[in-house]
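**Student:** build me a model from this:
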Amino acid sequence: MLHSSIFAAAGGRLLVAGLALATLAGCARTVPTTAGNHDYLVYIGTNVASPQENTIYLYHLSPATGELLPLGAMKGGAQPTYLTMDAAHRHLYAVSETQTYLGQPGGGVSALAIDPRTAMLTMLNQQPSTGASPCYISLDRTGKNALVANYSSGNVAVLPVRPDGQLAPPAATDQHLAPFGPHKNQSSAHAHCFLAAPDNRYAFAVDLGTDKVTGYKLDAATGQLAPLPAPAFTAKPGAGPRHLTFHPNGRWAYLENELNSTVTALAYDAKAGTFQEIETLSTLPAGFSGDNSGADVHVSPDGKFVYTSNRGDNSLAVFQIAPADGRLALVQHVSTQGKTPRNFALDPSGRVLLVANQNSDNVFTYTVDKQTGKLTPTGKSVSLPSPMFVEVVPDFTK
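**Tutor:** Residues are numbered from 1 along each chain as shown. As a prediction, the model looks like this:
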């Protein structure tokens with residue numbers, strides 16, 4: 001981890017004053033004094049395999065310009081390809097998307113403490129994820145449980161969060177089983193997303209291999225799971241559902257399908273814990289030919305737009321949400337200015353979007369037109385090794 005001596009704190013505000021951060025992007029960079037001009041912090045997880053190297057990077061984001069200023073780089077475990085943070089900004093949790101973890105088969109999960117003055121990370125503890133290649137982590141709505149999806153082994157796990165922020169061993173796991181989809185990449189289960197419902201009564205696991213969203217009753221007090229008797233949703237055969245996100249109103253959800261490059265609008269039944277398809281649209285521009293896989297999906301904070309990412313076309317697709325029924329209308333496709341946009345994020349105000357291009361080693365920013373949802377490149381970017389995940393939070397150091 002970078003030493004905290006690279007920071008100076010005054011009155012609880014983080015100052016970066018002309019310091020050269022030679023560890024970032026492998027070269028020295030002079031960072032001007034910017035205190036007071038930047039409202040957000042950005043944590044970027046990478047696919048760097050060695051836990052002895054810096055694997056999580058920290059930046060300050062200016063929502064006015066889209067500029068990212070480097071603050072530091074830290075050891076966050078091997079391949080921290082997905083991150084999540086608690087509501088109090090005290091702890092960050094990261095998967096290690098590995099096949100072998102601490103000498104044992106499978107992946108792992110790390111709990112890291114956040115310094116309230118510098119925003120830097122310190123490892124608290126690590127636990128096995130009880131499966132191989134964990135690729136998604138979220139906290140339930142109470143913040144008492146970490147929900148983890150293990151891609152290669154096709155199972156999910158719940159790890160309770162202790163009062164001090166450390167992770168306890170898994171309290172519950174569930175293995176997804178056949179039948180699998182018809183696509184060549186569906187020869188086994190591939191859990192790709194695991195998140196709690198808005199009211200925390202249920203948790204939902206999205207599985208690319210089975211074309212299903214599996215629902216569970218979630219006991220937040222114990223971390224136990226009780227699978228529902230039938231799938232919460234079944235996608236079209238070969239769709240390969242990947243990521244699910246809820247609309248702010250809690251009545252709709254949007255499902256990104258990796259293998260057929262579509263997005264499905266869903267009506268959510270909060271009582272039953274099930275979804276009903278509203279419609280499914282392509283995420284690709286008309287006339288596209290070639291290989292593509294859908295990746296990420298997010299709803300704008302104001303609930304007006306859905307954004308998805310395409311790996312192959314290397315684009316972001318923007319859709320407007322009809323306020324009456326949650327249906328989607330295509331607004332725009334825009335280049336991600338790099339290769340393989342694994343993940344992207346909107347800042348909490350919805351003014352800036354950041355996209356992580358895994359195979360071109362860069363992160364680009366865009367301004368968001370909040371009336372139309374359209375994205376405009378800011379011309380600002382940063383370079384770092386294999387960026388995989390972007391977490392944007394208010395600057396709590398001020």
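**Student:** list phi and psi for the residue lying closest to Asn260 once chain neighbours are set aside.
**Tutor:** Distances taken as Cβ to Cβ, 6 or more residues apart in numbering place Ala239 nearest to Asn260, at 5.0 Å, with adjacent residues excluded. Every C-beta, even on glycine, is put in place using the N, C-alpha and C of the backbone. Backbone torsions of Ala239, given as degrees, to the nearest 10, read phi -70, psi -40.
**Student:** what does the pLDDT read for Ala239?
**Tutor:** At Ala239, the pLDDT value in this model is 98.
**Student:** tally of neighbours for it?
**Tutor:** Neighbour count for Ala239, taken as other Cβ atoms under 10 Å: 24.
**Student:** contacts only, for it.
**Tutor:** Residues near Ala239 by Cβ atoms under 8 Å, 6 or more residues apart in numbering: Gly181, Asp211, Asn257, Leu259, Asn260, Thr262, Thr264.
**Student:** can you check Ser153 too?
**Tutor:** By Cβ under 8 Å, 6+ apart, the contact set of Ser153 is Gly106, Gly131, Ala132, Ser133, Gln175, Ala189, Ala191.
**Student:** then Pro385?
**Tutor:** Pro385 neighbours (Cβ under 8 Å, 6+ apart): Thr46, Asn47, Val48, Asp361.
**Student:** now with 7 Å, please.
**Tutor:** Counting by Cβ atoms under 7 Å, 6 or more residues apart in numbering, Pro385 makes contact with Thr46, Val48, Asp361.
**Student:** same check on Asn343?
**Tutor:** With Cβ under 7 Å, 6+ apart, Asn343 has these contacts: Ala295, Asp296, Ala356, Met388, Phe389, Val390.
**Student:** hey, what's Glu256 bridged with?
**Tutor:** Beta-bridge pairing for Glu256 (DSSP bridges): His243, Val263.
**Student:** likewise for Leu195?
**Tutor:** Phe204.
**Student:** just to revisit the earlier point, which residue in the contacts of Ser153 has the weakest pLDDT?
**Tutor:** Where pLDDT dips furthest among the contacts of Ser153: Gly106, at 94.
**Student:** quick one, phi psi at that residue?
**Tutor:** The phi/psi pair for Gly106 (degrees, to the nearest 10) is phi 110, psi -180.
**Student:** neighbours of it, how many?
**Tutor:** 21.
**Student:** and what of Pro229?
**Tutor:** Pro229 has 6 neighbours, counted by other Cβ under 10 Å.
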